[in-house]
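Student: sequence below, structure please.
(2 chains)
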Amino acid sequence: MSANDLPDDLFRARRLRPYLITGGRTRASVDLAMETQIRSTPQGTASLAQLDHEREALVRMCVTPMPVAEIAGRLHLPLQVARVVVSDLVVQGLVAVDGPISPDRPDLHLLERVLEGLRTL
Amino acid sequence: MIRPFSSTSTDTTDTTTPPPPPATSPFPGGIDRRRPDAGIHRAEPTDVGAPAADDDATPPPLPVKIVVAGGFGAGKTTAVGAISDIEPLTTEAAMTVNAVDLDRLSDDSTKTTTTVAFDFGRVALGNDLMLYLFGSPGQDRFRFFWDELLRGAIGAVVLIDTGRFEDCFGAVSHLEHSGVPFVVVVNAFDGRIRHHPDEVRSALDISPSTPVLVADVRDREGVKGVLVTLVRHAMATATRTG
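Tutor: Coordinates of the predicted model:
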């Protein structure tokens, strides 16, 4: 990992910088799985001018529902930072949760649909 | 299973709603940072309302996921990228792990935080399904991360890097214990493999029902074949276990 070649203080800075966005918080107020789909609300798209850079980009992106992992990747944020930011926006009503993947193993019917979908790729 | 996309029908009308008063900070932590680029390239809020209109008639695709596990250099990112509709995204996740007892010098030294880099990709399966692909390291120390990754997953693909065989041991035993269907793939670059699938099966000591196959994961068709095999295996497992 090239980041490990950095001097200690720079390495620490690189790890810490994303947490400025969350005000140093690492705990999300809403429980979000990494594949939970997030979509922006009408209130969110109407509030873009009041948002800082990351949050504005996030609300814009989620006009098309997008999982938390993709949001983190696109904004170059560690997963936990993305979770904190998304959960803030959920609490403010600017984005909404479309729901996580069911924790149960997919049933036969769903697997058949996936198989059919893969074959037609 | 398909969740209604209830509020989209109001999107077009609600974009005319006046924004909340600027005096109210939208950030509970009081971290309303000043944008250095405020006013630059700022599109009108109404711009973003338009694409959502396409979704009004149909609900969003139902998400399903498959995990691709393997050691460093085993070809996880390549495999995800070969079939993903988007360029694979690499993201860091922090996890708290129990440190070994030797480190117990003070009360808080038994927990330590480490980071794991994972890949994300997705592929639309028709109009109603979205397959998420998560690439994750296979070493045993990442097992805390797998618990979350594997929750609700169709199953997992374990990519074998024949150079560093042992990097997948942790993933294989974790998958066996958690009962998640998986297939083992020997990555064949240019059609050449260093180990025969039978040798791999024997070395990993996996169940005879677990498929072991050879595929070139740089190739979209190759990855597609792997995923088809996994889904078929998951169906067989689901039938067996009822």
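Student: what does stretch A:70-79 rub up against?
Tutor: Residues outside stretch A:70-79 that contact it (CB atoms under 8 Å, 6 or more residues apart in numbering or on different chains) are A:18, A:21, A:34, A:38, A:54, A:57-58, A:61-62, A:66, A:68-69, A:81-83, A:85-86, B:86, B:89-94, B:115, B:120, B:122. Quick note: C-beta positions are derived from backbone N, CA and C, even for glycine.
Student: just the buried ones from those residues?
Tutor: A:18, A:21, A:34, A:38, A:54, A:58, A:61-62, A:66, A:68-69, A:81-83, A:85-86, B:89, B:91-93, B:120, B:122 (16 or more other CB atoms under 10 Å in any protein chain shown).
Student: what's around the nearest residue in space to B:Pro211 that is not next to it in sequence, how many residues?
Tutor: Nearest residue to B:Pro211, sequence neighbours excluded (CB to CB, 6 or more residues apart in numbering or on different chains): B:Val183, at 4.4 Å. Neighbour count for B:Val183, taken as other CB atoms under 10 Å in any protein chain shown: 22.
Student: show the pLDDT at B:Val183.
Tutor: Looking at B:Val183, its pLDDT is 97.
Student: which residues does it contact?
Tutor: With CB under 8 Å, 6+ apart, B:Val183 has these contacts: B:155-158, B:210-213, B:226, B:229-230, B:233.
Student: partners of the strand ranked longest in chain B in the sheet?
Tutor: Secondary structure of chain B per DSSP state E: the longest strand is strand B:111-125. Sheet pairing for strand B:111-125, assigned by DSSP bridges, gives strand B:89-98 (antiparallel), strand B:129-137 (antiparallel).
Student: can I get those strands in JSON lines with distance to A:His76 and mean pLDDT?
Tutor: Shown next, in JSON lines, are those (distance: least, CB to CB, whole Å; pLDDT from 0 to 100):
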{"stretch": "strand B:89-98", "distance to A:His76": "8", "mean pLDDT": "80"}
{"stretch": "strand B:129-137", "distance to A:His76": "17", "mean pLDDT": "94"}
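Student: and those strands: which comes nearest B:Arg194?
Tutor: B:Arg194 lies closest, by CB to CB, to one member of the strands paired with strand B:111-125: strand B:129-137, at 21.1 Å.
Student: after that closest one comes which helix or strand?
Tutor: helix B:143-150 (DSSP states H and E).
Student: near chain A at all, that next one?
Tutor: Yes: part of helix B:143-150 sits near chain A under the criterion CB under 8 Å from any CB of the partner chain, namely B:148-149.
Student: element containing the residue nearest to B:Pro211, please.
Tutor: Judged by DSSP H and E, B:Val183 forms part of strand B:182-187.
Student: now the angle from that strand to helix B:143-150?
Tutor: 110 degrees (axes from the mean of the first three to the mean of the last three CA atoms, to 10 degrees).
Student: quick one: contacts for the residue at minimal distance from the centre of chain A?
Tutor: A centroid search over chain A (CA atoms, centre = their mean) returns A:Val68, at 2.7 Å, as the residue closest to the centre. Listed by CB under 8 Å, 6+ apart, the contact partners of A:Val68 are A:32-36, A:38, A:79, A:82-83, A:86.
Student: pipe those into TSV and attach pLDDT and secondary structure per row.
Tutor: Output for the contacts of A:Val68, formatted as TSV (pLDDT from 0 to 100; DSSP: H, G, I helix; E, B strand; the rest coil):
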residue	pLDDT	secondary structure
A:Leu32	90	coil
A:Ala33	90	coil
A:Met34	90	coil
A:Glu35	92	coil
A:Thr36	93	coil
A:Ile38	96	strand
A:Leu79	92	helix
A:Ala82	94	helix
A:Arg83	93	helix
A:Val86	96	helix
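Student: closest one to B:Ile66 out of these, please.
Tutor: Out of the contacts of A:Val68, the member with the shortest distance to B:Ile66 (by CB to CB) is A:Glu35, at 11.0 Å.
Student: show me the helices in chain B, by range?
Tutor: B:11-14, B:76-83, B:143-150, B:169-178, B:197-204, B:220-241 (DSSP state H).
Student: tell me which of these sits most buried.
Tutor: helix B:76-83 (a mean of 24; mean count of other CB atoms under 10 Å in any protein chain shown).
Student: what residues does it touch?
Tutor: A:121, B:68-70, B:87-88, B:90, B:119-121, B:123, B:133, B:135-137, B:157, B:159, B:217-220, B:222-224, B:226-227.
Student: re earlier: adding distance to B:Arg194, write the strands paired with strand B:111-125 out as CSV.
Tutor: Supplementary listing: the strands paired with strand B:111-125 in CSV, determined by distance: least, CB to CB, whole Å:
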stretch, distance to B:Arg194
strand B:89-98, 27
strand B:129-137, 21
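Student: understood, closing this out.
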